[in-house]
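A.B. asks: got a predicted structure here, sequence first:
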Amino acid sequence: MNFLTALIAGVLFGAGLLLSGMTNPATVLSFLDITGAWNPALALTMGGAIAVAAPAFALMRRRGQTLTGERVDLPDRTRIDAPLLVGSALFGLGWGLAGICPGPGLIQLTGLGLHAVVFVAAMAVGMLLSGFAKPRPR
Amino acid sequence: MNPLLQSLVGGLLIGAGSAVLLLANGRVAGISGIAENVLKGAVGEQGWRAAFLIGLILPAAVLGLGPVQQAGGPVLLAVAGLLVGFGTRLGSGCTSGHGVCGLANLSRRSLVATLTFMAVAMLTVYVVRHGWSS
C-alpha cells in the first residue's frame, strides 16, 4: 500500500506542478519579478495547495496516526537556527537565478534536455555536499 | 482553461498530493528531502520515496512537458543547481516541504524559511533583470 499511495500522491503533485506552469522557468521568474511585469498566478497555486493540505495536517496532528494506523512522521524541530536561514537564502539565490526548484527540476528531466540534466546533476552534488556543512545524526 | 484557473487547479492538485502522502503514508511531501534520501539509496518502506518521485515525473512523461524556457545556459544552471541542492538540504526544505507542507502545518520554521527563500529569490530576479541602479 505504501508504494501505491505514494505513487498516487506523486502523480497528483506532478500533475499540479505541470498544470500550474511551475515546470517552465519563465513562468516562475515572472512570478518572482515583482517590480517588472509581475505575474501573480503562482500565488494562487501556493494558496490553493496550502488550503487543501492544511486540513490534512490538522487532522494528522490531532490523530497522530495515518488512516491505516501507521505512525505520522512530522518534523518536531522549532528552533530558527543558522542552517535554516543560510540554507533557505542559498536556495532562494539558486531559485531566483534559474527559476527551477527541486520538483520541477526532476520533472524537466522527462524532456531529456541538456539544461535539465545539468541542473539536476548539480543539484544532486549540492545535496551530497550539504552533508559536510550540516552533520546530521542518522 | 483560463490561466488563473489553471494555476489554482494546479495548486489544488499539489495540495491533494501532499494530503494523500500525509494521510496514507504519514509522510511530508518535501521533494528535496525525498530526493536526497533516494540519492543516498534510502528509498523508504516499500520504496515509497522512489514511488513518489516516479509518480511526480509520470504526468510530464505521459502528457508531455509543455513549454520550458530556460533562464540561461548550462553554466548558469550548474551554479543554480548546486545552490538549490545545497541550500534546500542545509535549510531542511524547499518550496514543497517548507512552502506548501510546512505552511499548511503552521510551522514557524517553515514560515521563516519560506519568507527567506522568497525574498532572496525576488531580490535575485530584481538584480538580474533590473540591475542595482535602476
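C.D. replies: Perfect, thanks for sending it. Quick caveat, the model's predicted, so the values are computed rather than measured. Numbering: from 1, shown residues only, chains lettered A, B, ... in the order given.

A.B. asks: A:Ala56: what's it in contact with?
C.D. replies: With contacts defined as Cβ atoms under 8 Å, 6 or more residues apart in numbering or on different chains, A:Ala56 is in contact with B:Ser18, B:Ala19, B:Leu22, B:Leu23, B:Ala104. Yep, even glycine has a C-beta here, placed from its N, CA and C like the rest.

A.B. asks: near chain A, which of those show up?
C.D. replies: With respect to chain A, and counting by Cβ under 8 Å from any Cβ of the partner chain, the subset of those in contact is B:Ser18, B:Ala19, B:Leu22, B:Leu23, B:Ala104.

A.B. asks: before we move on, the earlier item: which of the contacts of A:Ala56 sit farthest apart?
C.D. replies: For the contacts of A:Ala56, the farthest-apart pair by Cβ to Cβ is B:Leu23 and B:Ala104; their separation is 12.5 Å.

A.B. asks: buried residues in the longest helix belonging to chain A?
C.D. replies: Looking across chain A with DSSP state H, the single longest helix is helix A:41-63. Using 16 or more other Cβ atoms under 10 Å in any protein chain shown as the test for burial, helix A:41-63 gives A:41-42, A:44-50, A:52-54, A:56-57, A:60.

A.B. asks: any idea of the mean pLDDT for it?
C.D. replies: Mean pLDDT, computed over helix A:41-63, is 97.

A.B. asks: likewise stretch B:105-115?
C.D. replies: Averaged across stretch B:105-115, pLDDT comes to 98.

A.B. asks: do the same with stretch B:120-128
C.D. replies: Averaging pLDDT along stretch B:120-128 yields 97.

A.B. asks: can you tell me what sits against that stretch?
C.D. replies: A:29, A:32-36, A:88-89, A:91-93, A:95-97.

A.B. asks: with stretch B:101-108 instead?
C.D. replies: Here stretch B:101-108 makes contact (Cβ under 8 Å, 6+ apart) with A:49-50, A:53-54, A:56-57, A:61, A:74-75, A:78, A:80, B:15, B:18, B:22, B:28-30, B:93, B:98, B:109-111, B:113-114.

A.B. asks: and A:Met127, what pLDDT?
C.D. replies: A:Met127 carries a pLDDT value of 98.

A.B. asks: wouldn't it be in contact with B:Ser32 here?
C.D. replies: Yes - with contacts counted by Cβ atoms under 8 Å, A:Met127 reaches B:Ser32, the gap being 7.3 Å.

A.B. asks: which SS state does A:Leu74 fall under?
C.D. replies: Here A:Leu74 is recorded as coil under DSSP: H, G, I helix; E, B strand; the rest coil.

A.B. asks: which pLDDT does the model give residue 101?
C.D. replies: Defaulting to chain A. pLDDT for A:Cys101: 98.

A.B. asks: other chain: chain B
C.D. replies: 98.

A.B. asks: and what of A:Lys134?
C.D. replies: 74.

A.B. asks: ok, which pair from the buried residues of helix A:41-63 is furthest apart?
C.D. replies: Pairwise distances across the buried residues of helix A:41-63 (Cβ to Cβ) peak at 29.4 Å, for the pair A:Ala41 and A:Met60.

A.B. asks: how far is stretch A:85-95 from where the chain is centred?
C.D. replies: Distance of stretch A:85-95 from the chain centroid (Cα atoms, centre = their mean, to the nearest Å) equals 13 Å.

A.B. asks: same deal with stretch A:73-88?
C.D. replies: On the basis of Cα atoms, centre = their mean, stretch A:73-88 sits 15 Å off its chain's mean C-alpha point.
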